[in-house]
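Undergrad: model the following, please.
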Amino acid sequence: MDEVEVESTLSADGSSSSRLKRIGSLRKQPYFTNLRLQLQEQLKCFDSRVETQVILTNELQDYFRKKSEIELEYSRNLDKLSKSLVLRQKELKQRRDQLHLFSLYNCWQELINETKKESQEHGVLAEIYNSHVTMRLSMVMDDLQRIYKQCREIGIDSHEELLKVLHELHTSTKTFHLYQTEHKQTETKLKIVESQKKKLELIIPKEKIEKSKKIRLVDKEIQKRRNKYTDARFKALKAKNEYILCMDAANAAVQKYFVDDLSDLIDCMDLGFYQCISRAFNMYISSQEYIKNSITANMSTLSKYITGLDSRLDKQKFLEANNSVFIMPKKFEFQSLKGDEVDLLDSMPVSELETVGFIRQELEQRLIQLHRRLNTLRIEADESWKTLETAETSLLQLLTVNDYNAQEYFVESSHRHSTKPEYLVTTQRLRAETDEFHLSVRHHRNISFAKFRDYMLGTNRIARLQGKYEHIRKVLGEIDPNNLSPGLAQTLAEPRKLIRRKRIGQIQNIRNPRLFGGSLEEYIEITNQDIPIVLKSCIRVINLYGLHHQGIFRVSGSQIEINNFKDSFERGEDPLIDINDASDINSIAGVLKLYLRELREPLFPIVYFEQFMELAQLESKHLFVLKIRDLITSLPRSVYIVLRYLFAFLNHLSEYSDENMMDPYNIAICFGPTLVPVPEDKDQVQYQNLVNELIKNVIVYMEDIFSNDDDYGGIRYEKYISKEPDEVDVDTPGENPHDDLETEMLCPSEDGKTDSR
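TA: Numbering: from 1, shown residues only. This next block holds a predicted model:
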């Protein structure tokens, strides 16, 4: 079955329910039905999420509108007060000449002038709240709903692509089972005819066998049955290969969707949202600072919250809160017929691709075609990403412009009565500039959405084809190189290309990566370090002075020292550079655990939590190593290198358990909750035991799990570390061969185009 992309038209009303229920045949399969329902629940979660955002924004708008009414009323009352004071001053004609003799008069006059000025300022403040802040929040709500509608359409398109892949898997499964049944039937019939011939040979004398008409008829029947058997077997093997490839493509598509696409969709929904909210709040802060310095403390607190707005952190919390909806589902596994675990003729496992005769030639040709197609798609994806990155940069430059300084309004307000036309002209000019700004923002957003759609749907094909390509490459790679064609040998000889993830909205945070509480991937990519400085420095000191320390990682350190170390690391310094003894070893261990605990995304991603828990219950060491290696190698390169470095150190630490009392299980108790946090909707006690067992097994079998990984490169843990810390922790682009790796983001879907070359 060729990889043909099926394009389906959208329904007239555009509703998601009708679009997601077209693949009717999938309803009969429990797994497919559950996955389809899960996709529908995701849309409901997204709807609830954006409704909550709109409600919050509307509450802010209502707050500023009411505050504007209060400020306007306050301004009018102050104006009445100042006028009444001036009127009373005029009434004191007899004493007016004597008033200035008293110093109290100066205070009274200052109060009058101050009241006038304050009345004007609060009038401007009411206008700012009512005309500018609320208008911005209204535009934010409109943009938020418009953005979500477009992102939802993209998500529905992704759901349709995913369901198409599942439908193709379902079809290939039925086809395989049909042909496999036919194959078994023809084999049975062939055996019956052959047994009939043997009976005739026993009955008919040997000298009459050659001339026997019955023998000749039976021979013809045998030949006929054998031809049918051969044809049926060929169809069954071919259908089996197609089924396995469709299964790999479906697994790759599902993994890509749940790992990358969901994250990118949420990032796209939030792109620019907090920047716009921040600009509205910053205008509020600027106006308040100008009017009253006494509320600076409150405004700084609010500014702190605004600065702390983090869409990635919101996304992580959102995913954790809806863990049951967004968790990675189980991989598809090969479903053979009952009693068909091993091929009756070839004695080969049915879950492996067939490489016999013409089937092998077909796979070789297919591998070469997939290789060419993948190269073409990667080039197209790279070009699409460059265009998308440029559009994103332009959009973020617009959304982060500093136009919330309200001092200009206060300066103009002082000349309102003396030069009223000039003030009106300035106000009209500012409003025109605001309208032009929002039109420009909408234009750039439309461009970004178009490019994001092309890139996301285009790279879906890469994920699906890559799943097929890797499986065929693995199977053909086990064949003797001397039996391969030159073109195929050259394809297999090419090194694997590691993929570095790209993120929507990453440009805005590129200057100030957070160490504690930030993202490991973003920090490593921005700083160009293989191992974060806090991890490397703490492990270096513990390696030198703490391997024999009893209760390391179990005994708490000084919280003051831990906070001091944390602040120094956050500033880019290394506070452990001069440590030459074990006096602060518990605090250093505490900093290491604190860093791992505060990571925005844990080293063991929560989307794989169920799969990790299943692995923790395996009793076979060999099976555990194979499956955990397969799962860990699917993580980003930066996370893989850090895991390899950390567990090599923990394995080394456990070698001194007779002295430090920290065997693998005790270490797992200390690091389990940090590395693999249990979701809130799970039984904490039950799953914590599985988490500890998982971490213990990874420590014990570390060398087997992280073996044959030269493609990843990066720094490796050394048992015998020099007492002098490295002078340079950041690799230069020329020194790190992985800096020039092909960078692309895979989105799970299916490429329906067949390479015609």
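
Undergrad: and Arg366, what pLDDT?
TA: On the pLDDT scale, Arg366 is placed at 82.

Undergrad: over to Leu643?
TA: Leu643 is given a pLDDT of 93.

Undergrad: surely it touches Leu603?
TA: Yes - proximity of Leu643 to Leu603 meets the contact threshold set by C-beta atoms under 8 Å, at 5.8 Å. Placement of C-beta: from N, CA and C, glycine included.

Undergrad: mean pLDDT per helix and strand in the protein: which one sits at the bottom?
TA: The weakest-scoring helix or strand in the chain, judged by mean pLDDT, DSSP states H and E, is helix 16-20 (a mean of 44).

Undergrad: element containing the closest residue to Ala589 other than its chain neighbours?
TA: Once flanking residues are discounted, Ala589 sits nearest to Phe553: 4.8 Å by C-beta to C-beta, 6 or more residues apart in numbering. Take DSSP states H and E as the rule and Phe553 turns out to sit in neither a helix nor a strand.

Undergrad: flag the shaky bits of the stretch 101-250 of the chain, pLDDT-wise.
TA: Applying pLDDT under 70 to the stretch 101-250 of the chain flags residues 101-107, 111.

Undergrad: which SS state does Gln529 fall under?
TA: coil (DSSP: H, G, I helix; E, B strand; the rest coil).

Undergrad: can you classify Asn580 by secondary structure?
TA: coil.

Undergrad: tally of neighbours for it?
TA: 9 (other C-beta atoms under 10 Å).

Undergrad: any idea how far it is from Val541?
TA: Per C-beta to C-beta, to the nearest Å, Asn580 is found 9 Å from Val541.

Undergrad: unless I'm mixing things up, Tyr469 is touching Gln369, no?
TA: No - counting by C-beta under 8 Å, Tyr469 does not reach Gln369; the two are 9.6 Å apart.

Undergrad: to what extent is the residue nearest to Ala589 buried, counted in neighbours?
TA: Neighbours around Phe553, by other C-beta under 10 Å: 24.

Undergrad: what's the following helix or strand after the least confident helix or strand of the chain?
TA: Past helix 16-20, the next helix or strand by DSSP H and E is helix 30-91.

Undergrad: off-centre distance for that next one?
TA: Relative to the centre of its chain, helix 30-91 is centred 31 Å away, using C-alpha atoms, centre = their mean, to the nearest Å.

Undergrad: and it, what other elements does it pack with?
TA: Here helix 30-91 touches helix 16-20, helix 103-128, helix 134-203, helix 262-270, helix 273-291, helix 323-326, going by 3 or more C-beta pairs under 8 Å, 6 or more residues apart in numbering; DSSP states H and E.

Undergrad: out of the ones you listed, nearest to Glu41?
TA: Closest approach to Glu41 among the helices and strands packed on helix 30-91 is made by helix 323-326 (5.1 Å; C-beta to C-beta).

Undergrad: quick check: buried residues in stretch 669-685?
TA: By neighbour count, with 16 or more other C-beta atoms under 10 Å as the criterion, the buried positions of stretch 669-685 are 669-679, 682.

Undergrad: OK, contacts around Leu596?
TA: 602-603, 671, 674-675 (C-beta atoms under 8 Å, 6 or more residues apart in numbering).

Undergrad: so what's the residue nearest to Ala589 up against?
TA: Contacts of Phe553 (C-beta under 8 Å, 6+ apart): 589, 592-593, 662, 667, 670-671.

Undergrad: of those, which belong to helices?
TA: 589, 592-593, 667, 670-671 (DSSP state H).

Undergrad: biggest separation within those, which pair?
TA: Leu592 and Ile667 (12.2 Å).

Undergrad: before we move on, back to that, quick check, nearest of the ones in helices among the contacts of Phe553 to Tyr717?
TA: Leu592 (13.5 Å).
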